[in-house]
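Q: What follows is a predicted protein model with its sequence.
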Amino acid sequence: MSISINDVHWSAGGLMIVNGISIDVAPGKTLGLLGPNGSGKSSLLRLICRLRNVKSGVIALGNTDIAAMARLDIARRVALVEQQATTEAQVTVLDVVRLGRTPHRGPLSPWNASDDKAVSDALRHVGMPERAGQLWHTLSGGERQRVHIARALAQTPRELLLDEPTNHLDIQHQLDILSLVTKLPVTSIIALHDLNLAAMFCDNLAILHHGKVVAAGTPEDVLTEDLIADVFGVRAHIERSAHHGRQHVQYRLD
Amino acid sequence: MAQPVVIGQRWWAHLVLVTSAFVVLGFMISLAVSIGEISIPLETTAKAVSNRLFGTAFELSRIHQGIVWDYRLSRALLAASAGAALALSGAILQALLRNPLAEPYVLGISAGASTGAVAVMILGFGYGVLTLSTGAFVGAVVAFVLVSALAAGAGGGADRIILAGVAGSQLFNALTSYIVTTSANAEQARGIMFWLLGSLSGVRWPDVYLAAPVAVIGFAVSIFYTRALDAFTFGIDAAAALGIAVNRIRIILLGATALMTAAMVSIVGSIGFVGLVIPHAARFLVGPSHGRLLPASAMIGAIFMVAADIVSRIIVPQQILPIGVVTALFGAPAFAFILYKARRPV
């Protein structure tokens, strides 16, 4: 397994946010994390790259418990794209993407050819090589998100974690970003809100509710009308799309 | 926002920039040594310095030799060290707290250092450079811990730390006044009040022997962590996700900042505006990347402070203004200019 999460608990302020979650993700696969606000999606992503420490349970990358890994070694293989991370600094697109090389460089080692290659590959992946000199604060929301993904790719990760990468983006950019991420040769976990996008792009889904996994498997297995009613409190009609062959969720108001 | 005038992208431009910065600093220090109540030609200055440093035997009056070496050179070098250290402290705090208004003076660190130094003076631990600085360091750390705790308790965030800093400054300034009014005699009180405004008078070589190494150490430490400072661009979690040991690095860099602030406050009093304005000016010239920003801030800070010292000695005939007054008089309009140039399009 690329990422294995085994009976992980984590609490904050006396509240159990992640309450016994176990998930495995195979190398190269894309897992969609779904669930209502506050179900523990963001917290789980932060636990996987050890921005927070688990209270109990084990998270392993490959076969190594992350609790036993140095922070630098985790950053060399796992990259995180946070939700809406921004800055007031006058940085350019290139400055931001270059940050991704931080874990691969010593404190005083000069910039080298492999750093250059990782950065230009990353910029090409997100389709922004000619925008390298543009200032961060002149970018639109979708462009910023693509730059964050490029920064994460410059980290040359084996595992990529994305926290609601499509939030506040127009539909074209949502589709662009998800097809970009799912085509990358990395294992990825994406926290998402849109059930249809999750069904279209993810190999597997895990539905979180009150810090527990209430369903996990392929989109066909997981997305059922009963589950959506239980977890999200809305009624839905689900059918296989005639266009892309994946599950398609239509919400009902009656 | 206006595109920063990023210069020094190529190695030769870099070299030219660094060399010319040192030339300007050297020239400014020579000017500072030459200008004063008794004006001394640059040539005499060079001879006097050479006599002391290289054991040459140029014929000079003993008064000139004494003024150059014992009074003005030490004073100019101290101004340079203080300017560099305060500007570096501002640049580091602005990066770590992700706040363009952060600097030792605004965050109450300078006020805490003053309280610590005054307590040491009045409570009778002596007036030595080291004892004063130790007191100032303890005061600076206590002030920063208190201000951080207050900001965190108020919910954290960029505006909270500034508000907490305002409260901290008020508290420590009040404590300083309390100690001075209740425990100091009239002569002590007058001396302390003058020192609090920021003053380079009375600076001698032992002060330089403390200030210069502290500035150099602070510079070395912060240069070692330039990558980490860059990684804080998108916040603490983003830095940690890039493999930065955030807690350790924050403690080391905030410690370095407290040390630099404390050493400078204990020698020259609290000087505002340098830590705030200089990093912004440097950012405007060389961009936000700390590999260039930190050396530029230190250099510009040093040049600015030496120039401010010259101005403080010649602007009012027969009188020396506290240097804190000059830095604020020049710093505030400069800051307004930077704000104006860097304004966002509406």
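A: Looks like it came in fine.

Q: What ranges does the stretch 1-150 of chain A have for its helices?
A: Applying DSSP state H, counting those that start in this stretch to the stretch 1-150 of chain A gives helices spanning A:41-48, A:71-77, A:93-99, A:113-125, A:141-154.

Q: now those helices as TSV including mean neighbour count, mean pLDDT and distance to chain B?
A: Where C-beta positions appear, they are placed from N, C-alpha and C, glycine not excepted. TSV is the format used below for the helices of the stretch 1-150 of chain A (neighbours: other CB atoms under 10 Å in any protein chain shown; pLDDT from 0 to 100; distance: least, CB to the nearest CB, whole Å):
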stretch	mean neighbour count	mean pLDDT	distance to chain B
helix A:41-48	23	95	7
helix A:71-77	19	94	3
helix A:93-99	24	95	6
helix A:113-125	16	92	12
helix A:141-154	24	92	8
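
Q: possible to save those helices as a markdown table with distance to residue B:297?
A: Formatted as a markdown table, the helices of the stretch 1-150 of chain A follow (distance: least, CB to CB, whole Å):
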| stretch | distance to residue B:297 |
| --- | --- |
| helix A:41-48 | 33 |
| helix A:71-77 | 27 |
| helix A:93-99 | 18 |
| helix A:113-125 | 25 |
| helix A:141-154 | 25 |
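
Q: ok, residue B:105 to residue B:309 distance?
A: 18 Å (CB to CB, to the nearest Å).

Q: Counting neighbours, go ahead and name the busier of these two.
A: The neighbour comparison of residue B:105 against residue B:309 (other CB atoms under 10 Å in any protein chain shown) goes to residue B:309, with 30 against 24.

Q: State whether the more buried one is indeed within a helix.
A: Yes: according to DSSP: H, G, I helix; E, B strand; the rest coil, residue B:309 belongs to a helix.

Q: The stretch 151-300 of chain B against chain A: which residues are in contact?
A: Proximity of the stretch 151-300 of chain B to chain A (CB under 8 Å from any CB of the partner chain) is limited to residues B:224-227, B:230-231, B:233-235, B:237-238, B:240-245, B:283, B:287-289.

Q: what's near enough to touch the most centrally placed residue in chain A?
A: Nearest to the mean C-alpha position of chain A, counting by CA atoms, centre = their mean, stands residue A:162 at 1.8 Å. By CB atoms under 8 Å, 6 or more residues apart in numbering or on different chains, the contact set of residue A:162 is A:45, A:80-81, A:149, A:152, A:181, A:188-191.

Q: just residue A:52 next, same as before
A: Residue A:52 neighbours (CB under 8 Å, 6+ apart): A:10, A:43, A:46.

Q: Ramachandran angles for it?
A: Torsion angles at residue A:52 (phi, psi; degrees, to the nearest 10) stand at phi -130, psi 150.

Q: returning to what we had before: of the helices of the stretch 1-150 of chain A, which is nearest residue B:194?
A: Closest of these to residue B:194 is helix A:93-99, at 44.7 Å (criterion: CB to CB).

Q: Can you list the neighbours in contact with the closest one?
A: In contact with helix A:93-99 (CB under 8 Å, 6+ apart) are residues A:111, A:115, A:119, A:122-123, A:128, A:131-134, A:136, A:139, A:147-148, A:150-151, A:154, B:230-231, B:233-234, B:242, B:287-289.

Q: so which of the contacts of residue A:162 is the most crowded?
A: Top of the contacts of residue A:162 by neighbour count (other CB under 10 Å): residue A:152, with 30 neighbours.

Q: Distance-wise, check the spatially closest residue to it that is not a sequence neighbour relative to residue A:28.
A: In this structure, residue A:152 finds its nearest non-sequential neighbour in residue A:79, 3.7 Å apart by CB to CB, 6 or more residues apart in numbering or on different chains. According to CB to CB, residue A:79 and residue A:28 sit 15 Å apart.

Q: Spit out the contact partners of residue A:6.
A: Contacts for residue A:6 (CB under 8 Å, 6+ apart) come out as A:22, A:57-60.

Q: Quick check: the residue nearest to it when sequence neighbours are not counted vs chain B, distance?
A: The spatial neighbour of residue A:6 that comes closest, neighbours along the chain excluded (CB to CB, 6+ apart), is residue A:58 at 4.7 Å. Noted for residue A:58: a distance of 20 Å to chain B, by CB to the nearest CB, to the nearest Å.

Q: Write the ChimeraX selection for whichever of the contacts of residue A:6 are buried.
A: Buried residues among the contacts of residue A:6 (16 or more other CB atoms under 10 Å in any protein chain shown), as a ChimeraX selection:
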select /A:57,59,60
